[in-house]
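Asker: pasting the sequence and the predicted coordinates here, then a few questions.
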Amino acid sequence: MKIFDTHAHYDDKQFDNDRDTLLSQCMEEGIGTIVNIGASIETSKNTLQLIDKYPFMYGAVGVHPSETKDLTETDMEWLKQVSTHEKVVAIGEIGLDYYWDEPDREIQKHWFVRQLDIAKEVDLPVVIHSRDAAKDTLDIMKREKAEKVGGVIHCYSYHVELAKEYIKMGFYLGIGGVVTFNNGKKLKEVVEEIPLEHLVLETDCPYLAPVPNRGKRNHSLNLTYVVEEISRLKNISKEEVIAVTTENAKELYRL
Ligand code: NI
């Protein structure tokens with residue numbers, strides 16, 4: 001079984017010099033599928049180009065909360081239209097980010113709700129970005145009945161109790177490099193407590209490389225360190241971690 005990277009940003013400039021060779025290496029060394037995630041209108045367009053080029057790559061289109069300032073309803077029409085592309089498998093990443101706290105929270109909430117609307121209209125799962133905004137994110141998802149489409153809480157960063165709320169709604173939790181960090185204790189607890197059936201692997205590359213490559217440019221091959229840490233925390237084999245999370249990812253993106 002091969003590893004499924006559920007959240008990557010291979011359109012990032014940091015991959016401009018070696019994108020083709022790096023991705024071929026990933027395919028040769030145990031990575032099976034990658035979902036490239038849009039975080040703005042521009043990077044959603046980039047994502048569409050990448051998924052047309054690479055057979056092993058699927059895409060999500062959507063606008064990250066920090067990029068919502070200048071959004072218009074015309075952009076929503078465009079999102080809705082491109083989401084019908086056969087290799088677009090989700091709307092995202094969308095959500096709330098109160099760490100950067102910009103633009104204004106009301107603006108972030110407005111476009112979060114609008115993009116949830118689109119996901120429901122086109123019936124695609126959502127990729128949720130939520131940072132320092134636990135309560136508002138869950139409130140909005142419940143009020144808007146996000147469980148109708150399901151999806152993933154990307155780079156899950158909250159505590160175990162909230163994790164249980166999300167999995168009750170049918171959402172998966174995205175686990176990446178942070179689980180290997182010395183200061184990743186909270187996430188290690190989540191991985192110990194939550195059954196593997198609710199977890200998926202993600203890089204969020206080029207960001208959040210796991211130990212021992214923390215701080216360097218991240219890429220999908222580094223997921224082997226995340227697999228190792230999950231297998232250690234749950235006391236199961238690496239093969240099982242890969243097999244189950246890959247099945248989960250296929251279920252998540254309906255592949
Ligand atoms: Ni991301």
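Answerer: Alright, I've got the coordinates.
Asker: what about the lengthiest helix in the chain, average pLDDT?
Answerer: The longest helix of the chain (DSSP state H) is helix 105-122. The predicted model gives helix 105-122 an average pLDDT of 98.
Asker: for stretch 29-40, same thing?
Answerer: Stretch 29-40 shows a mean pLDDT of 98.
Asker: distance from the chain centre to the longest helix of the chain, please.
Answerer: With CA atoms, centre = their mean, to the nearest Å as the basis, helix 105-122 stands 17 Å off its chain's centre.
Asker: show me which positions of it end up buried.
Answerer: 108-109, 111-112, 114-116, 118-120, 122 (16 or more other CB atoms under 10 Å). To be clear about C-beta, it is placed using only N, CA and C from the backbone, and glycine gets the same treatment.
Asker: name the helices or strands packed onto it?
Answerer: helix 73-82, strand 88-97, strand 126-131, helix 134-143 (3 or more CB pairs under 8 Å, 6 or more residues apart in numbering; DSSP states H and E).
Asker: if we use 7 Å, what do you get?
Answerer: Applying 3 or more CB pairs under 7 Å, 6 or more residues apart in numbering; DSSP states H and E, one finds that helix 105-122 makes contact with helix 73-82, strand 88-97, helix 134-143.
Asker: from the chain's centre, how far out does the last one sit?
Answerer: Shown here is helix 134-143, whose average C-alpha point lies 18 Å from the average C-alpha point of the whole chain (CA atoms, centre = their mean).
Asker: tell me the first helix or strand C-terminal of that helix.
Answerer: strand 151-153 (DSSP states H and E).
Asker: what is the helix or strand just after that next one packed up against?
Answerer: Note on strand 151-153: by DSSP H and E, the next helix or strand toward the C-terminus is helix 160-168. Contacts defined by 3+ CB pairs under 7 Å, 6+ apart place helix 160-168 against helix 134-143, helix 185-193.
Asker: any buried residues in the shortest one, and which?
Answerer: Within helix 185-193, the residues that count as buried by 16+ other CB under 10 Å are 187-188, 190-191.
Asker: same check, this time on stretch 1-15
Answerer: Applying 16+ other CB under 10 Å to stretch 1-15 flags 3-12, 15 as buried.
Asker: mind putting the helices and strands packed on helix 105-122 into CSV with mean pLDDT, mean neighbour count and distance to residue 25?
Answerer: Formatted as CSV, those follow (pLDDT from 0 to 100; neighbours: other CB atoms under 10 Å; distance: least, CB to CB, whole Å):
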stretch, mean pLDDT, mean neighbour count, distance to residue 25
helix 73-82, 98, 15, 29
strand 88-97, 98, 27, 24
helix 134-143, 97, 17, 36
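Asker: what would these look like in a markdown table with distance to residue 161?
Answerer: Formatted as a markdown table, the helices and strands packed on helix 105-122 follow (distance: least, CB to CB, whole Å):
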| stretch | distance to residue 161 |
| --- | --- |
| helix 73-82 | 33 |
| strand 88-97 | 19 |
| helix 134-143 | 10 |
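Asker: wait, which of these is closest to residue 231?
Answerer: The minimum distance between residue 231 and the helices and strands packed on helix 105-122 falls on strand 88-97, with 26.8 Å, by CB to CB.
Asker: report the distance from the closest one to the chain centre.
Answerer: With CA atoms, centre = their mean, you get 8 Å for strand 88-97.
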